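Engineer: Build the 3D model from these lines:
(2 chains)
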There are 2 protein chains.
Amino acid sequence: MNKPMPGQALDDLETPVLLLDLDRFESNVQHMAAYCRDNGKEWRPHSKAHKSPAIAHIELANGACGITCAKLSEAEWMVAHGVPSILLANQIVSPVKFAALARLQHRAEVIAAVDNIAVVEPMAAAAIDEGVRIPVVVEIDIGMKRVGVEPGPPLLALSKAISDQPGLAFKGLMGYEGHVLDCWPLQAKKKACYQALDILVESRNLLENNGLQIEIVSAGGTGSYELSALHDGVTELQAGGGVFMDVMYRRKCHVEALTPALTVLTSVTSRAADRVVVDAGFKTLSSSHQPPEVLGRDDLRLRGLSAEHGVFNIVEGQAGPALGEQIELLVGYSDSTTFLHNYFVAVRKGRVEKIWDISARGLLR
Amino acid sequence: MNKPMPGQALDDLETPVLLLDLDRFESNVQHMAAYCRDNGKEWRPHSKAHKSPAIAHIELANGACGITCAKLSEAEWMVAHGVPSILLANQIVSPVKFAALARLQHRAEVIAAVDNIAVVEPMAAAAIDEGVRIPVVVEIDIGMKRVGVEPGPPLLALSKAISDQPGLAFKGLMGYEGHVLDCWPLQAKKKACYQALDILVESRNLLENNGLQIEIVSAGGTGSYELSALHDGVTELQAGGGVFMDVMYRRKCHVEALTPALTVLTSVTSRAADRVVVDAGFKTLSSSHQPPEVLGRDDLRLRGLSAEHGVFNIVEGQAGPALGEQIELLVGYSDSTTFLHNYFVAVRKGRVEKIWDISARGLLR
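Structural biologist: Here you go, the predicted model:
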């Protein structure tokens, strides 16, 4: 099965295939960039949602100050593809990775997130061995109880230790308000979000009062970017998934300003009187965080996804689609779907315009 | 981050990485092959669990009669890597795919599974255009209500239509008893399994009584292979995941004769008083069908996986692992985990022996 070709119409594509509608995607990129800019924030979109250097460069061209990466190997790949500034928003702890991170500094700014004082000395030693300084932010737990140092004295001790190391450059703070994304109604979400971000701002004050300079205060996923961008003290947002938008952001996070741009084009490969099966299962399309939705038709209800089969019941009284008919599915959660694919098929007005490799998929280390 | 190297000890590996214990894996392959052989069945293991030509060839060398594939593009890849016989245990419906399937017949036997009379004519036409005959089995719904023609008259009509086409070679039947895998206790599972497989045998009788010859009757996943292999009339089993074994087969399907061989090696990248975070989230390790289990220690309880973070609570009163410590996780469900990785790191007695690329990952069409 060959790759899709520019110029092809959707009808002519062999399925399943991951489609990105360019008009909608570009509108989302512009919206995210403008919303951050208009509110005085930098935009450093997380690339774990796309794992594609081509998309990273589009974000940069639209005003992103850099990108965020989840893994060191992803950052290496993005640096190899010319991305000049990266926040590695995850902890690394091994000497081999410290050395690799130090080497990257010759070619780009790759900022490490640290939440444990034990890594400060070996990370600094790797930097000195390599003749570089590694820029570092401290990751603070702002309420999600996942990673991050505790605010207050532990934060201060860690920040001072980083600042004291000649191999490291203390840059500031990051936190992730992931626990507030599905709070609702809006007033409750706003309260929870600002409680979390207030911890960042108080932390900033604590460090500045102790003589540390803060350049970066990073936060913000797509599920809360509209609120987080309004919060004083935050300097940049990581929100990355908004360029695709998806069902979860709409239904669980109540994001309204963005347009769903990411779909999976499937075909009906089996049908019975009461159901159809399409050629996309959980290896093509995740339903674990939010199920996909059928685009443009209301006669199908998702029964479930097995590895390579997507099963939909036909709504009673409806005819349902025919064998071979294409069904377009709105991606439930982009972050758990894009990385299943080798490439995005970028389409405009129903025709293939470009193929963008998802070439950082599988870079897990 | 470079690939692991043969000769490396586990301690020296950068994590996360997918490990396959060779002693256990080989023992599972030999067990599956022998169990089928001893019960007079062929073994045609499903390759969707490994997506690796290297592993397909090990299965063939141990007596598998061929492999099963989930997608045409997987079958193309396996044929390109020298696999001589494949059952494509899934429906294809497009003319482009019929033509590709026909072309494959010059290089290997690739058997199509058909469940709808509408595809018979165009599939046969593609075969005639290519100057080949496409071997075909009819897929029957034996109770799972997913794909498959209804037994009885619809099956007979479809089988006759295939048999009447000079471009097609009618080979027999397949069914999948996927709905019985987690039945328990054993007597209930046995009853449900044999009810399903009886439909296959009755279908065989129906067709033979109508003058059709049946060479293949294919069934059997790993979750029921011990029962299905004992059932008269079935000629071959598709059970593929058993070579890895995993937590789901043990806990939900009560498979006892195989040994867990597939793990993900992780490291603690963040720790607090009550929890640790490892560097494997849902992009590295699935928990959607069955959560992973911590190997060789009982102080950790899975809290959940986000994209790149695996969060474990430390059992009260226990110290928990240190920052940087390696944690080996038994894969919850191999079929939803292997395809997240670029390669298996095959280890024996704690040392890397080989790297096997999971090169068919992402072949979804």
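
Engineer: For the rest of this, base every contact and every neighbour count on C-alpha atoms.
Structural biologist: Will do.

Engineer: roughly how far out does the longest strand belonging to chain A sit from the chain middle?
Structural biologist: Ranked by residue count under DSSP state E, the longest strand found in chain A is strand A:262-271. Going by C-alpha atoms, centre = their mean, to the nearest Å, the spacing between the C-alpha centre of strand A:262-271 and its chain's C-alpha centre is 25 Å.

Engineer: Counting by contacts, list what that strand packs against.
Structural biologist: The elements that strand A:262-271 packs onto, with contact taken as 3 or more C-alpha pairs under 8 Å, 6 or more residues apart in numbering or on different chains; DSSP states H and E, are strand A:17-21, strand A:275-278, strand A:326-330.

Engineer: and with 10 Å instead?
Structural biologist: If you count contacts as 3 or more C-alpha pairs under 10 Å, 6 or more residues apart in numbering or on different chains; DSSP states H and E, strand A:262-271 packs onto strand A:17-21, helix A:22-38, strand A:275-278, strand A:293-294, strand A:310-314, strand A:326-330, strand A:343-348.

Engineer: would TSV of these with mean pLDDT be doable?
Structural biologist: TSV is the format used below for the helices and strands packed on strand A:262-271 (pLDDT from 0 to 100):
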stretch	mean pLDDT
strand A:17-21	98
helix A:22-38	98
strand A:275-278	98
strand A:293-294	98
strand A:310-314	98
strand A:326-330	98
strand A:343-348	98
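
Engineer: Name every strand pairing with the longest strand of chain A and say which way it goes.
Structural biologist: Strand A:262-271 pairs in its sheet with strand A:17-21 (antiparallel), strand A:275-278 (antiparallel), strand A:326-330 (antiparallel), by DSSP bridges.

Engineer: got the contact list for the second one?
Structural biologist: If I follow you right, that is strand A:275-278. Where contact means C-alpha atoms under 10 Å, 6 or more residues apart in numbering or on different chains, the residues beyond strand A:275-278 that reach it are A:15-16, A:265-271, A:300-305, A:308-315, A:320-327, B:91, B:145-147.

Engineer: could you redo the last one with a cut-off of 7 Å?
Structural biologist: Defining contact as C-alpha atoms under 7 Å, 6 or more residues apart in numbering or on different chains, one finds that strand A:275-278 is touched by A:266-271, A:309-314, B:147.

Engineer: rewinding a little: adding mean neighbour count and distance to residue B:99, write the helices and strands packed on strand A:262-271 out as TSV.
Structural biologist: Supplementary listing: those in TSV, determined by neighbours: other C-alpha atoms under 10 Å in any protein chain shown; distance: least, C-alpha to C-alpha, whole Å:
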stretch	mean neighbour count	distance to residue B:99
strand A:17-21	25	19
helix A:22-38	19	31
strand A:275-278	25	20
strand A:293-294	20	29
strand A:310-314	23	24
strand A:326-330	22	19
strand A:343-348	22	23
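
Engineer: Up against chain B, what does chain A have?
Structural biologist: Where proximity means C-alpha under 7 Å from any C-alpha of the partner chain, the interface of chain A facing chain B comprises A:1, A:14-16, A:70, A:73, A:91-94, A:146-147, A:269-270, A:277, A:284, A:288, A:308, A:311, A:324, A:340-342, A:362, A:364-365.

Engineer: returning to what we had before: please render the helices and strands packed on strand A:262-271 as a markdown table that adds distance to residue A:51 to the earlier fields.
Structural biologist: Below are the helices and strands packed on strand A:262-271 laid out as a markdown table (distance: least, C-alpha to C-alpha, whole Å):
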| stretch | distance to residue A:51 |
| --- | --- |
| strand A:17-21 | 14 |
| helix A:22-38 | 15 |
| strand A:275-278 | 26 |
| strand A:293-294 | 23 |
| strand A:310-314 | 25 |
| strand A:326-330 | 19 |
| strand A:343-348 | 10 |
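
Engineer: average model confidence for the helix ranked longest in chain A?
Structural biologist: Taking residue count as the measure and DSSP state H as the definition, the longest helix of chain A comes out as helix A:186-209. In this model, helix A:186-209 has a mean pLDDT of 97.

Engineer: can you give me the offset of it from its chain's centre?
Structural biologist: For helix A:186-209, the distance from its own C-alpha centre to the chain's C-alpha centre is 22 Å (C-alpha atoms, centre = their mean).

Engineer: What residues sit buried inside that helix?
Structural biologist: Applying a neighbour-count criterion of 16 or more other C-alpha atoms under 10 Å in any protein chain shown, one finds A:189-190, A:192-194, A:196-201, A:203-204, A:206-207 buried in helix A:186-209.

Engineer: And these, which two are furthest apart?
Structural biologist: The span of the buried residues of helix A:186-209, defined through C-alpha to C-alpha, is set by A:189 and A:207 at 27.5 Å.

Engineer: about what we covered before: each with direction, which strands does the next helix or strand after the longest helix of chain A pair with?
Structural biologist: Of the helices and strands lying after helix A:186-209 in sequence (DSSP states H and E), the nearest is strand A:216-219. Applying DSSP bridges to the sheet, strand A:216-219 is found paired with strand A:168-174 (parallel), strand A:236-237 (parallel).

Engineer: Make CSV from these and add mean neighbour count, mean pLDDT and distance to residue A:26 to it.
Structural biologist: Below are the strands paired with strand A:216-219 laid out as CSV (neighbours: other C-alpha atoms under 10 Å in any protein chain shown; pLDDT from 0 to 100; distance: least, C-alpha to C-alpha, whole Å):
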stretch, mean neighbour count, mean pLDDT, distance to residue A:26
strand A:168-174, 24, 98, 27
strand A:236-237, 26, 98, 18
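
Engineer: okay, these in JSON lines with distance to residue A:211 next?
Structural biologist: Converted to JSON lines, those look like this (distance: least, C-alpha to C-alpha, whole Å):
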{"stretch": "strand A:168-174", "distance to residue A:211": "12"}
{"stretch": "strand A:236-237", "distance to residue A:211": "22"}
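
Engineer: According to the record, where do the domains of chain A fall?
Structural biologist: In the domain annotation for chain A, the residue ranges read A:10-18+A:257-357, A:22-246 (automatic domain parsing).
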